[in-house]
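# for reference, the sequence and a predicted model appear below.
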Amino acid sequence: MLNGHHRGALRIVAATVALAVVFGVLMGMAEHCGTLHGIYCTTGFATTAGCDLQLQGWKAYALGEASMLLMVPLFAAVFSLFTAGLTSGQVEGTEKRIKSHVNGALKHHLKGAADEPPVRSA
């Protein structure tokens, strides 16, 4: 089951993939290398691995910079939302176990006290 963090991560992944495709198509047109190679290069820029092309002209450099400046933070957001979702699931489970343990211990300890008459202060 997906929690809010994981749904957010999936939306950002979809936006990142769409942005990579758009930038890749534009890179392919700017560098005359084809759409798939352009997508490969923009994905390389986004993951900080780089590209095998020697960029020519300002359009290709602008697309490379845009890929780095926009897509690297999106990838970081995906990982942070995913790990936050995993952590919140663990915290919720632990909280339930602790509440159950404390309630059970209180019932056990207060069981004997329920039979005694209440102490009244003067």
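It's in. Numbering: from 1, shown residues only.
# poorly predicted segments of this protein, please.
Scanning the chain for pLDDT under 70 picks out 1-3, 5, 112-122.
# phi and psi next, for G57.
Reported as degrees, to the nearest 10, the phi and psi values for G57 are phi 90, psi 160.
# how close does it get to H32?
Per Cβ to Cβ, to the nearest Å, G57 is found 10 Å from H32. C-beta: built from backbone N, CA, C; applies to glycine.
# all helices for the protein, in order.
Remark: helices assigned in the chain by DSSP state H are 4-31, 35-46, 58-66, 72-114.
# would you mind getting the angle between the second one and helix 72-114?
The reference is to helix 35-46. Per axes from the mean of the first three to the mean of the last three Cα atoms, to 10 degrees, the angle that helix 35-46 makes with helix 72-114 is 60 degrees.
# so which elements touch helix 35-46?
Counting contacts by 3 or more Cβ pairs under 8 Å, 6 or more residues apart in numbering; DSSP states H and E, helix 35-46 packs against helix 4-31, helix 58-66, helix 72-114.
# give the buried residues for the first one.
Okay, so that is helix 4-31. Under the neighbour-count criterion of 16 or more other Cβ atoms under 10 Å, helix 4-31 has 5-6, 8-9, 12-13, 16, 19-20, 23-28, 30-31 buried.
# angle of that helix against helix 58-66?
If you take the same axes, to 10 degrees, helix 4-31 sits at 160 degrees to helix 58-66.
# which helices and strands does helix 4-31 pack with?
Against helix 4-31 (3+ Cβ pairs under 8 Å, 6+ apart) you get helix 35-46, helix 58-66, helix 72-114.
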